[in-house]
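*Asks:* Structure for this input, please:
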Amino acid sequence: MNHIALFMSCILSILLAGSACQKIVDISLPDHHQPQLFVEGILYVGEAPLLYLSRSASFFSDKVTPQEVFVRNATVILTVNGMNTIMEMDSTFDKFRCRWVPFYTADMIIEKDQTYQLLIEADGQTLTGETSTALKPVTLSDVEYTPEFFDVFGGHDGVIIRFHDNPGEGDYYRFQMDRWIDTSRYHAHALDGLINTCVEEDELFFVTDIGRSIFSDYAIDGAFFELYLEVSFEYEEGDTATIYMQTLDENAAAFYSDMDKQLESILNPFVEPAFLHSTVQGGLGVFGSAIRSSAVQFIYPQDNP
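*Replies:* Next up is the predicted model:
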């Protein structure tokens, strides 16, 4: 049972007494949600594979953390050059949110210029996907701090990334920043709303900030890119970070581009809504690949404004 407070204008009351009224309405919301399998698997060249497999939850569900929606004991097989590798369950502890994050992984390294097939069997369903790691990393020319720039969400500070696009149309990019932070650095979507109870006040822990936007070289193949990017975590003068640009395959780029458009439509009523297009057959989600540029070390020149 959910209590929804509906505020309605009482015209007669306003005319006579200048007041408004409030009415509490009890609405029964039966849960007819049928859980669906959701996959998020990006193969990074030079690293072990990680794949997150979860069940969707209803809108009002209170079980939405990674360990609560994770699908256990699924059969997950990664195939390359006819060789099958069974992925096993593992987990890591997210010290920023103080929770365990489970996933499937394997004792292997993702190689460049290969085609990988995915097979998942769980809940009586079979999911498949395919991705190619024939990707070219870019070389970053310059990284610069900017105190202010503007996008559809308003004004921000951030970083400017400059690089030349690799010739050969069909490249897709997104930003990555790795940092060690302590509990005084908040996340932009959890300012003052997240109390960290699992680390000491001055303890440093590792976080990865993945850019929301996807950039393409469509119609500007081989161009010089200058990208203005907002970062997720707060900082102080002298904080250090490691910055990359990821080159994504078309599957991953299309999926995350749709996710970005969804976010824009939620926050801006004048933006047309978008639907997520799954790149996994038989279920929802994405199976793709990425390669990182060489790393650039960055030091913040001033405090968070």
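
*Asks:* Now do the same for Asp202: helix, strand or coil?
*Replies:* coil (DSSP: H, G, I helix; E, B strand; the rest coil).

*Asks:* okay, now it: neighbour count?
*Replies:* Number of residues near Asp202 (other C-beta atoms under 10 Å) recorded here: 8. C-betas here are computed from N, CA, C, even on glycine.

*Asks:* quick one: contacts for it?
*Replies:* Residues counted as contacts of Asp202 (C-beta atoms under 8 Å, 6 or more residues apart in numbering) are Asp182.

*Asks:* Name whatever forms a beta bridge with Gln281.
*Replies:* Thr128 (DSSP bridges).

*Asks:* That one and Gly82, how far apart?
*Replies:* In this view, Gln281 and Gly82 are 20 Å apart by C-beta to C-beta, to the nearest Å.

*Asks:* Could you check which of those two has the larger neighbour count?
*Replies:* Gln281 (12 against 6).

*Asks:* Go through the protein and flag its longest helix.
*Replies:* In the chain, taking DSSP state H as the definition, the longest helix is helix 250-267.

*Asks:* all helices for the stretch 1-150 of the chain, in order.
*Replies:* 11-17, 66-69 (DSSP state H, counting those that start in this stretch).

*Asks:* Mind telling me which of these the model trusts least?
*Replies:* The weakest mean pLDDT among the helices of the stretch 1-150 of the chain belongs to helix 11-17, with a mean of 43.

*Asks:* list the contacts for Ile77?
*Replies:* So Ile77 contacts 84-87, 118-120 (C-beta under 8 Å, 6+ apart).

*Asks:* Count residues in the vicinity of the closest residue to Phe70 other than its chain neighbours, would you?
*Replies:* Closest residue to Phe70 apart from its sequence neighbours, by C-beta to C-beta, 6 or more residues apart in numbering: Pro102 at 4.4 Å. By the criterion of other C-beta under 10 Å, Pro102 has 17 neighbours.

*Asks:* From what I see, Pro102 and Glu68 are in contact.
*Replies:* No. Applying C-beta atoms under 8 Å as the test, Pro102 and Glu68 come out as separate, 10.0 Å apart.

*Asks:* Give the other helices and strands that the next helix-or-strand element following the longest helix of the chain contacts.
*Replies:* As assigned by DSSP states H and E, the chain's next helix or strand after helix 250-267 is strand 284-292. In this structure, strand 284-292 packs against strand 37-44, strand 125-132, strand 240-248, helix 250-267, with contacts taken as 3 or more C-beta pairs under 8 Å, 6 or more residues apart in numbering; DSSP states H and E.

*Asks:* buried sites along the last one?
*Replies:* To tie it back to what came earlier, the one meant is helix 250-267. 250-258, 261, 264 (16 or more other C-beta atoms under 10 Å).

*Asks:* Adding pLDDT and distance to Leu43 as columns, could you present these in TSV?
*Replies:* Shown next, in TSV, are those (pLDDT from 0 to 100; distance: C-beta to C-beta, whole Å):
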residue	pLDDT	distance to Leu43
Glu250	93	14
Asn251	88	11
Ala252	93	9
Ala253	95	14
Ala254	92	16
Phe255	92	14
Tyr256	92	15
Ser257	90	19
Asp258	88	20
Lys261	79	24
Glu264	68	27
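
*Asks:* Please enumerate residues in contact with stretch 47-61?
*Replies:* 2, 29, 31, 33, 35-43, 63-64, 66, 69-71, 74, 76, 78, 87, 101-110, 118, 120, 122-123, 284, 287.
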